[in-house]
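**Student:** One predicted model, sequence on top.
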Amino acid sequence: RAKLGGRNAVCFFDPSMQADVHARADVEAGLWVALEQRQFVLHYQPQVAADGTVLGLEALVRWHHPVRGLVPPDEFIALAEECGLILPLGRWVLEAACAQLAAWADHPQRSRLVISVNVSARQFLHEDFVAGVVAALEHAGADPRRLDLELTESSLVTDIDKVSAKMEALKARGVGFSLDDFGTGYSSLAYLKRLPLDQLKIDRSFVRDILVDPNDAAIARMIIVLAENLGLRVIAEGVETAEQREFLAGNGCSAYQGYLFSAPRPIAALEDFLDARATQALC
Ligand code: C2E
Ligand code: MG
Ligand code: MG
Ligand code: MG
């Protein structure tokens, strides 16, 4: 049985966080148990084209805690990164997403969907990352062209040749790459021309006030034009209203993700959403 992180991984905390140490240690212990007891689940959020076609789905992890209920990733991903649990957890997410792709492989509509998986910096920078992705794809029998990996700028600000080589190794198999939360990190624009990216994701913090804040509108427009000029696709996150979608569409952005279309859903509810869409398209 593959154990990537190891139970004895040590976490280091800032001394000012001393008061939190016990609470954090509890959560950390709970996370390892959660992994063993399969308490993590993936929800999927549709990514939609201008004509309403579902292009793909973003896989978003949740912790189904026996007492606390459904815990969102913002409450455990950072801790999982600090204590190393992100390695086995990230591997589980990849395996689950690949299994979903394989389960849809013979479906007339769902077989063309792409699943996007979030990859944290620590996971991407680990030396076994490429082999782990390949193993997850092969173990599930999933088509690598249906897998998209969402990196953040924090994954890119290290050794650019190494980063680029890792991406190329997976791209050669057909895996795609998106840059998540674009514009919120610290990477330089020079990275964009040197890395084999396929898509930029406009962070939802720029979309939220896009109609009322001229600075957000300017940044969103800049990202759309930048993507176009670099030959990259672009998708806007956090689209909640038809007005936001219209504004984005008017400025050349033709792929959207957000509550306007659907919140992330468990797989059964997601399949209902897809079926309803398919029926609509026929009418
Ligand atoms: P993200 O990758 O930027 O994912 C988008 C987040 O925006 C999701 O939050 C999604 O539920 C939320 N969202 C989508 N549409 C809307 C909208 O219209 N309005 C608003 N206000 N929010 C919207 P979620 O699922 O809580 O995930 C939060 C973050 O946790 C993700 O941000 C990602 O950075 C991280 N994460 C989630 N799953 C994984 C995972 O499997 N691995 C890693 N490493 N990180 C993950
Ligand atoms: Mg993401
Ligand atoms: Mg994002
Ligand atoms: Mg985010």
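**Tutor:** Received the coordinates, thanks. Ligands and ions are numbered 1, 2, ... in the order given.
**Student:** ok, so what distance separates Ala268 from Ala217?
**Tutor:** 38 Å (Cβ to Cβ, to the nearest Å). From N, CA and C alone the C-beta is placed, and that goes for glycine too.
**Student:** likewise Gln37?
**Tutor:** On the measure of Cβ to Cβ, Gln37 and Ala217 end up 46 Å apart.
**Student:** Tell me which of those two has more neighbours.
**Tutor:** Between Gln37 and Ala217, Ala217 has the larger neighbour count (other Cβ atoms under 10 Å), namely 18 against 10.
**Student:** Quick check: that one touching Ile202?
**Tutor:** No - counting by Cβ atoms under 8 Å, Ala217 stays clear of Ile202, with 11.3 Å between them.
**Student:** how about the residues of the stretch 51-200 of the chain near ligand 2?
**Tutor:** Asn118, Glu150, Asp180 (Cβ under 5 Å from the ion).
**Student:** Secondary structure element holding the closest residue to Ala34 other than its chain neighbours?
**Tutor:** Once flanking residues are discounted, Ala34 sits nearest to Trp63: 5.7 Å by Cβ to Cβ, 6 or more residues apart in numbering. Using DSSP states H and E, Trp63 sits in strand 54-65.
**Student:** helices and strands around whichever helix or strand comes after that strand, which ones?
**Tutor:** Downstream of strand 54-65, the next assigned helix or strand under DSSP H and E is strand 69-71. Packing contacts for strand 69-71, counted by 3 or more Cβ pairs under 8 Å, 6 or more residues apart in numbering; DSSP states H and E, involve strand 54-65.
**Student:** Buried ones in the strand it packs on, by neighbour count?
**Tutor:** For strand 54-65, a neighbour-count test (16 or more other Cβ atoms under 10 Å) marks Val54, Leu55, Gly56, Leu57, Glu58, Ala59, Leu60, Val61, Arg62, Trp63, His65 as buried.
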